[in-house]
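Student: Make a model of this:
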Amino acid sequence: MNALAQVPADFLHALGTLRKAKCRSELRLAEIPAPSRLAPYAVALGAEVFSRSTRPGRTPVHGPAAMAFSSENNPGSPGAADDEDDELATGRFILLHDPDGSAVWDGEFRIVTYIRAQLEADMGNDAMLGSVAWTWLVDALESHSAQYRAAGGTATRILSESFGTLADRPETIDIELRASWTPASSDVQAHLEAWCDMVCTFAGLPPLPPGVTPLPNRRLT
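Tutor: Residues are numbered from 1 along each chain as shown. Now for the predicted structure:
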């Protein structure tokens, strides 16, 4: 039996809408292994933003459903970052699907995301840092008219200090945002585009969504 025949039509439709998403060239998007225990069907994408990158993003799909788009995708995955490129932000975008629905999700689909970026150490004392990160998510979804419900998330600040032979390294603060929400339909193109913009916002790349102020003192090296 064709593997695609076992994939629900709604999930195939969702994968097709992901395939249409348009992302900035600074963001490198590639398929990564999807979690197997969170839902019967899942697709996962990893993203990295570099300070100097002109490679277009790609939106592969996961598992047997990837066959549906193989004729349109180039083989292989984006190459490793050039030595002169500075990584500004990284993230994961996971789309889960349970045909039976989930009371916790309030629907049949759930988007789970993770974004991490590095700031200057003195930014760790900003009490508004977490709420600003959450605002970036909400504003990105709204600016793309990505309808959703049941959103939740956690923003975490991580202080890194070096000692001994590494004592000369400056202190840094990483901001992490873990969030999830339920898309209003199986059309998730706007959701991926919003998330890609949000990763770029974490990286400090202009332009930002209307009304959002960038955090100062981004660490770009």
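Student: Near residue 99, how many other residues are there?
Tutor: As a burial measure, residue 99 scores 12 neighbours (other Cβ atoms under 10 Å). To be clear about C-beta, it is placed using only N, CA and C from the backbone, and glycine gets the same treatment.
Student: Identify the residues contacting it.
Tutor: 8, 10-11, 40-41, 108 (Cβ atoms under 8 Å, 6 or more residues apart in numbering).
Student: That one - that's part of a strand, no?
Tutor: Yes. Under DSSP: H, G, I helix; E, B strand; the rest coil, residue 99 sits within a strand.
Student: residues in contact with the closest residue to residue 40 other than its chain neighbours?
Tutor: Distances taken as Cβ to Cβ, 6 or more residues apart in numbering place residue 98 nearest to residue 40, at 5.7 Å, with adjacent residues excluded. Applying Cβ under 8 Å, 6+ apart, we find residue 98 in contact with 39-41, 105, 108.
Student: so residue 95 makes contact with residue 31?
Tutor: No. Between residue 95 and residue 31 there is no contact, the gap being 11.6 Å when judged by Cβ atoms under 8 Å.
Student: ok, those two, which is more surrounded?
Tutor: Neighbours per residue, other Cβ under 10 Å: of residue 95 and residue 31, the larger number sits with residue 95, 28 against 18.
Student: before we move on, back to that, turn the contacts of residue 98 into JSON lines, including pLDDT.
Tutor: Below are the contacts of residue 98 laid out as JSON lines (pLDDT from 0 to 100):
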{"residue": "39", "pLDDT": "95"}
{"residue": "40", "pLDDT": "94"}
{"residue": "41", "pLDDT": "95"}
{"residue": "105", "pLDDT": "95"}
{"residue": "108", "pLDDT": "97"}
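Student: By neighbour count, which of those wins?
Tutor: Tallying neighbours with other Cβ under 10 Å puts residue 41 at the head of the contacts of residue 98, with 25 neighbours.
Student: Specify the beta-bridge partners of the nearest residue to that one once chain neighbours are set aside.
Tutor: With Cβ to Cβ, 6+ apart as the criterion, residue 41 has its nearest non-adjacent residue at 4.2 Å, and that residue is residue 97. For residue 97, the beta-bridge partners under DSSP bridges are residue 41, residue 109.
Student: Tell me who's in contact with residue 97.
Tutor: Going by Cβ under 8 Å, 6+ apart, the list of residues near residue 97 reads 8, 10-11, 14, 39-42, 108-109.
Student: Could you single out the nearest of the residues you listed to residue 193?
Tutor: residue 14 (14.0 Å; Cβ to Cβ).
Student: any common contacting residues for residue 95 and residue 31?
Tutor: Common contact partners of residue 95 and residue 31 (Cβ under 8 Å, 6+ apart): 43-44.
Student: Can you lay out the contacts of residue 97 as TSV showing distance to residue 206?
Tutor: Output for these, formatted as TSV (distance: Cβ to Cβ, whole Å):
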residue	distance to residue 206
8	40
10	37
11	35
14	31
39	36
40	40
41	36
42	33
108	37
109	31
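Student: what about residue 16, helix or strand, and which?
Tutor: Element membership of residue 16, judged by DSSP states H and E, is helix 9-19.
Student: count of residues packed around the closest residue to residue 180 other than its chain neighbours?
Tutor: Nearest non-adjacent residue to residue 180, counting by Cβ to Cβ, 6+ apart: residue 112, 4.5 Å away. By other Cβ under 10 Å, 19 other residues sit near residue 112.
Student: For the helix or strand in which residue 112 is found, name the packing helices and strands.
Tutor: Per DSSP H and E, residue 112 falls inside strand 107-120. Judged by 3 or more Cβ pairs under 8 Å, 6 or more residues apart in numbering; DSSP states H and E, the packing partners of strand 107-120 are helix 9-19, strand 87-102, strand 148-160, strand 172-183, helix 189-202.
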